[in-house]
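J.: sequence plus predicted model, see below.
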Amino acid sequence: MTWLAWTARGRTPLDSVYGLLPEAYARHRELAEQLWRPGLVDPVVLELCRLRIARLLRCEPELAARTPAARAAGLTESKISRLADWPTAPGYSAAERAALAYAELFVIDPGAVTDELAADVTAYFTPPRAAALTLAIAVFDAIARFQVALEV
């Protein structure tokens with residue numbers, strides 16, 4: 001549990017900590033809902049990026065969670081189990097590989113995104129979808145870091 005001296009009421013540890021800032025938490029949830037909106041970015045791509053970021057940052061709560069939209073879109077535990085080997089593992093599309101490469105570099109060094117990687121992302125995602133993917137990756141990165149730092 002968190003190292004904070006006190007928390008808000010909540011059904012999950014994240015709710016209890018983020019609930020200390022109810023307006024910010026409400027805005028975060030609204031943003032997250034928009035990012036998962038049907039037709040924006042494939043929910044399988046988003047979930048793979050979310051889980052890869054969680055693994056890189058060692059965020060256990062995020063690793064344990066599954067997004068219903070991704071499940072409904074066909075993401076399986078089998079595919080998730082191969083996520084650490086996504087560059088060479090079978091069953092990953094070119095778009096998924098581009099998004100995962102982008103997500104990893106975003107977490108490690110966002111300033112290191114090359115023109116080649118940007119071209120790879122935009123080959124599979126229109127400008128609005130690439131912007132949505134980037135925002136989703138930033139949100140996934142931020143919430144995972146928030147949880148890790150506060151031991152949620």
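T.: That came through, no problem.

J.: make it CA atoms for all contacts and neighbour counts henceforth
T.: Will do.

J.: go ahead and flag the most central residue of this protein.
T.: For the chain, the residue sitting closest to the mean C-alpha position, by CA atoms, centre = their mean, is R50 at 2.4 Å.

J.: now that residue, nearest residue through space, not along the chain?
T.: F140 (5.6 Å; CA to CA, 6 or more residues apart in numbering).

J.: quick one: buried residues of the helix or strand hosting that neighbour?
T.: Element membership for F140 (DSSP states H and E) is helix 127-149. Residues 129-130, 132-134, 136-141, 143-148 are the ones in helix 127-149 that count as buried (16 or more other CA atoms under 10 Å).

J.: got it, and stretch 13-28?
T.: Those would be P13, L14, D15, S16, V17, Y18, G19, Y25, for stretch 13-28 by 16+ other CA under 10 Å.

J.: could those be laid out in JSON lines, adding distance to G39, pLDDT and secondary structure?
T.: Output for these, formatted as JSON lines (distance: CA to CA, whole Å; pLDDT from 0 to 100; DSSP: H, G, I helix; E, B strand; the rest coil):
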{"residue": "P13", "distance to G39": "31", "pLDDT": "93", "secondary structure": "helix"}
{"residue": "L14", "distance to G39": "28", "pLDDT": "93", "secondary structure": "helix"}
{"residue": "D15", "distance to G39": "28", "pLDDT": "93", "secondary structure": "helix"}
{"residue": "S16", "distance to G39": "32", "pLDDT": "94", "secondary structure": "helix"}
{"residue": "V17", "distance to G39": "32", "pLDDT": "95", "secondary structure": "helix"}
{"residue": "Y18", "distance to G39": "29", "pLDDT": "93", "secondary structure": "helix"}
{"residue": "G19", "distance to G39": "30", "pLDDT": "93", "secondary structure": "coil"}
{"residue": "Y25", "distance to G39": "25", "pLDDT": "95", "secondary structure": "helix"}
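
J.: how far is the strand or helix carrying T122 from where the chain is centred?
T.: In the assignment (DSSP H and E), T122 maps to helix 115-124. Taking CA atoms, centre = their mean, to the nearest Å, one finds helix 115-124 lying 19 Å from the centre of the chain it belongs to.
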